[in-house]
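A.B. asks: model this:
(one chain, ligands or ions: 1)
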Amino acid sequence: MKTLVMSYSLTSNNEALAKRIAEELKLEHISISEPKKRTFGTIAADLIFGRTPQTYPEPQVMSSYDFIIFVAPVWMGQPTFPLRQYFKQLRKHPQKYAFVSISGGGMNNNSGLADTLKRKAGIEAAAVIDPHITDLLPPEPKPTAQTLSEYRLTEQDAENLTKRAVAMLKDKIK
Ligand SMILES: Cc1cc2nc3c(=O)[nH]c(=O)nc-3n(C[C@H](O)[C@H](O)[C@H](O)COP(=O)(O)O)c2cc1C
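C.D. replies: As a prediction, the model looks like this:
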């Protein structure tokens with residue numbers, strides 16, 4: 001299957017993961033970018049007003065592929081807002097996709113993520129892989145929200161997480 005890795009990352013964790021997954025599976029990889037620097041102000045405004053941020057590349061790029069692997073953070077239990085126009089594209093032109101994320105974990109472990117993806121994309125994800133930073137840290141002392149948001153994947157973390165994701169994705173993209 002012709003497969004594309006599309007990633008978005010604000011603080012580098014998901015970029016590190018996407019890069020390795022693409023290398024390991026020998027896939028094309030596009031990093032999604034935004035024309036303006038993202039701030040907590042724009043995150044809050046996108047959340048409150050439900051805005052679809054302008055991002056590159058254009059979503060039409062997806063139509064040349066059979067399968068899209070999104071690698072991006074979870075924000076407020078949802079796929080990161082810069083993915084919104086790509087999910088709108090999936091709604092209009094259904095395609096197979098998977099969602100991979102290294103997210104913080106914490107409060108409710110993103111328990112509604114698979115349903116949220118299905119609602120936004122119009123179709124169920126072929127795989128939802130959402131390991132958490134909480135599992136990379138010792139249980140004590142209990143990590144604070146600040147510890148989680150400041151955590152950056154080590155080379156070893158990225159390698160281990162890539163192995164797990166690749167094992168789950170390999171069969172899906174055959
Ligand atoms: C605005 C914001 C909201 C977040 N919300 C969640 C969340 O709901 N669930 C979660 O597990 N992690 C959440 N996180 C943590 C990120 O998913 C985590 O830090 C991730 O590794 C960041 O990825 P990046 O470095 O690729 O940007 C949030 C982070 C930010 C900045």
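
A.B. asks: any residue of stretch 161-174 up close to the ligand?
C.D. replies: No. Using CB under 6 Å from any ligand atom, we find that stretch 161-174 stays clear of the ligand, coming within 10.6 Å at best. All C-beta atoms are positioned from the backbone trio N, CA, C, and that covers glycine.

A.B. asks: restricting to C-alpha, output that stretch in CSV.
C.D. replies: Provided in CSV are the C-alpha atoms of stretch 161-174 (Å, rounded to 0.1, in the frame of the first residue of the first chain):
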residue,chain,number,x,y,z
LEU,A,161,8.3,3.5,21.0
THR,A,162,9.2,3.1,17.3
LYS,A,163,9.6,-0.6,17.7
ARG,A,164,6.2,-0.9,19.4
ALA,A,165,4.5,1.3,16.7
VAL,A,166,6.1,-0.5,13.8
ALA,A,167,5.1,-3.9,15.1
MET,A,168,1.5,-2.7,15.1
LEU,A,169,1.6,-0.8,11.8
LYS,A,170,3.5,-3.3,9.7
ASP,A,171,0.4,-5.5,8.9
LYS,A,172,-1.9,-2.6,8.4
ILE,A,173,0.1,-1.1,5.5
LYS,A,174,0.8,-4.3,3.6
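
A.B. asks: in that stretch, which residues are buried?
C.D. replies: Buried positions in stretch 161-174, judged by neighbour count with 16 or more other CB atoms under 10 Å: L161, T162, A165, V166, L169, K172, I173.

A.B. asks: hmm, H132 and S103 touching each other?
C.D. replies: Yes. Counting by CB atoms under 8 Å, S103 does reach H132; the two are 5.9 Å apart.

A.B. asks: which residues touch K96?
C.D. replies: M1, D66, F67, I68, A126, K172 (CB atoms under 8 Å, 6 or more residues apart in numbering).

A.B. asks: mind redoing it with 7 Å?
C.D. replies: D66, F67, A126 (CB atoms under 7 Å, 6 or more residues apart in numbering).
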